[in-house]
Structure formats: C-alpha cells, structure tokens
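Enquirer: sequence unavailable; structure follows:
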C-alpha cells in the first residue's frame, strides 16, 4: 500500500497567490482529514470528510480556505489569496470508519508564503 | 467536549533510561485514546491505541500505555530509551458513538541523550 500521498511536498509562493494542496487517501478509506501544523498552534484540524461529504469545517480559519473531495480518491485544499501567516505544514490523513478512528497521515506539504 | 493535556512540551532522558510521557484526557463519554509519533519531516504514525479491550496497551517499538479511568490518564512508557526514540509524541482522544473527530494534544518532544 502506498499510504496517503500528498503533493507537492514543498511549496513556496508569494503573498496573494493561489495555492492548491492535493491529497490521495488510502484506497478503501472513507474518511479524510486536513490538518495544519505550526510551532505556535500545534496540530489543528481544518476540515474532515466522510464518504466525500464535508462533515465539520469549523477549523477552517477563514473564507480564503476551501476544501473539496470530488471523489473517494482525491481531495484538495485551496488557499486564495495566500498570506504569510498561512505558512505551515499541511497534513492530510485518512481512515476507515470502523469505530476506532485510527488515522493514517501523509508526509505533509510544507507551505511557505513570502 | 473532548480534550487531552500533555504535561511537558519537552522531555529529556538518557539512553537506556525509562521514558514516561504524560497524557490526561477529558471526555463526556468513554473515549478511544491514541499515541502517535512524528519523526522529523514526516507525518504522524500510530504507536498504539486504547479501545477498551485491555487497559494496558502495547504498541510498536517497545512502547506501552495504561488507561486509568480513575485518573483520566493514558501515560506512555518505554523501559529503556533508544536514540532512535527521539521524536515528537502526540496523545489524542476520540469519543465513541459515531463522531469521528480526533483531538490531538500539543505534543511532547523527546530528546534522548547519549
């Protein structure tokens, strides 16, 4: 199994640009989670999907952030326009809902907004 | 609402010494509890999980944790630290009953001194 795949692994962009982060969950998993990790705030849940439907987006910081899951094998997190304070490592995780919530994390995308 | 508190953002131990990382949880219903480990520049990976089958849970790499309901604790231990154990460790809680959100602690960075 390839595990959760994220792309790109590193992204450097300038303030005001649009950024799109991509995630391919583990085949067969029915839940997908987007997290943001920073030194100051630790690991924050941004949004999660169950069977491709967004369930809880209360962690999305503001309207500049949006996430989609058009099918079971792909999800995107978009930031438009990006700001320097968005610099962080963004993780995607997936799980199979069997009552235990064990999540499998991708390697993360390190985003730097200049 | 569920939450976890990890005592000590940084812990240092000598190689061969006991590792003890503390975690206390708060949950309105019986919880599922997890310990994840994050090595530098990697995503989180599951060390072990408590799902009520047994209060003493054994995980990978020689780690174990004990669920103590009376103390609302789920501390992580390893009898003898190895240099390769240097990483950041996250305690996490999830409530039973169909809600998939997992709440992570702030993390504890473990330093192993030769």
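Expert: Looks like it came in fine. Remember, predicted model here, so these are calculated numbers, not experimental data. Residues are numbered from 1 along each chain as shown, chains lettered A, B, ... in the order given.

Enquirer: need the contact list for the residue nearest the centre of chain A.
Expert: Compute the mean C-alpha point of chain A, and by CA atoms, centre = their mean the closest residue is residue A:34, 3.1 Å away. Going by CB atoms under 8 Å, 6 or more residues apart in numbering or on different chains, residue A:34 touches A:23, A:45-48, A:67, A:75, A:77, A:90-92. Yep, even glycine has a C-beta here, placed from its N, CA and C like the rest.

Enquirer: show me what the closest residue to chain B within chain A is bridged to.
Expert: For chain A, the residue closest to chain B is residue A:105, as judged by CB to the nearest CB, at 3.3 Å. With DSSP bridges as the criterion, residue A:105 is bridged to residue A:93.

Enquirer: pretty sure it contacts residue B:34?
Expert: No: contact between residue A:105 and residue B:34 fails when scored by CB atoms under 8 Å: they sit 11.9 Å apart.

Enquirer: okay, these two: which has more neighbours?
Expert: Using other CB atoms under 10 Å in any protein chain shown as the criterion, residue A:105 and residue B:34 rank with residue B:34 on top: 29 against 22.

Enquirer: who are the contact partners of the more buried one?
Expert: A:101-102, B:46-50, B:91-94, B:102.

Enquirer: for these, pick the one with the most neighbours.
Expert: The residue in the contacts of residue B:34 with the most neighbours, by other CB under 10 Å, is residue B:91 (29 neighbours).

Enquirer: pull up the gap between it and residue B:114, please.
Expert: Per CB to CB, to the nearest Å, residue B:91 is found 27 Å from residue B:114.

Enquirer: what pLDDT does the closest residue to residue B:55 other than its chain neighbours get?
Expert: Spatial nearest neighbour of residue B:55, chain neighbours left out: residue B:67 (4.6 Å); criterion: CB to CB, 6 or more residues apart in numbering or on different chains. Per-residue pLDDT puts residue B:67 at 93.

Enquirer: can you pull up the bridge partners for residue B:67?
Expert: Bridge pairing for residue B:67 - DSSP bridges - gives residue B:74.

Enquirer: burial count for residue 42?
Expert: All of this refers to chain A. Number of residues near residue A:42 (other CB under 10 Å) recorded here: 17.

Enquirer: wrong one, I was asking about chain B
Expert: Neighbourhood size, residue B:42 [other CB under 10 Å]: 13.

Enquirer: state the helix or strand in which it lies.
Expert: Counting by DSSP states H and E, no helix or strand carries residue B:42.

Enquirer: next one: the one 5 residues further on
Expert: Assigning secondary structure by DSSP H and E places residue B:47 in strand B:44-50.

Enquirer: interface residues of chain A facing chain B?
Expert: Within chain A, the positions near chain B by CB under 8 Å from any CB of the partner chain are A:4, A:31, A:33, A:42-43, A:45, A:48, A:50, A:55-56, A:91, A:93, A:95, A:97, A:99-108.

Enquirer: go through these and flag which are in strands.
Expert: Mapping those onto strands (DSSP state E) picks out A:31, A:33, A:42-43, A:45, A:48, A:50, A:55-56, A:91, A:93, A:95, A:104-105.

Enquirer: pull out the buried members of the residues you listed.
Expert: In these, burial by neighbour count holds for A:31, A:33, A:42-43, A:45, A:48, A:50, A:56, A:91, A:93, A:95, A:104-105, counting by 16 or more other CB atoms under 10 Å in any protein chain shown.
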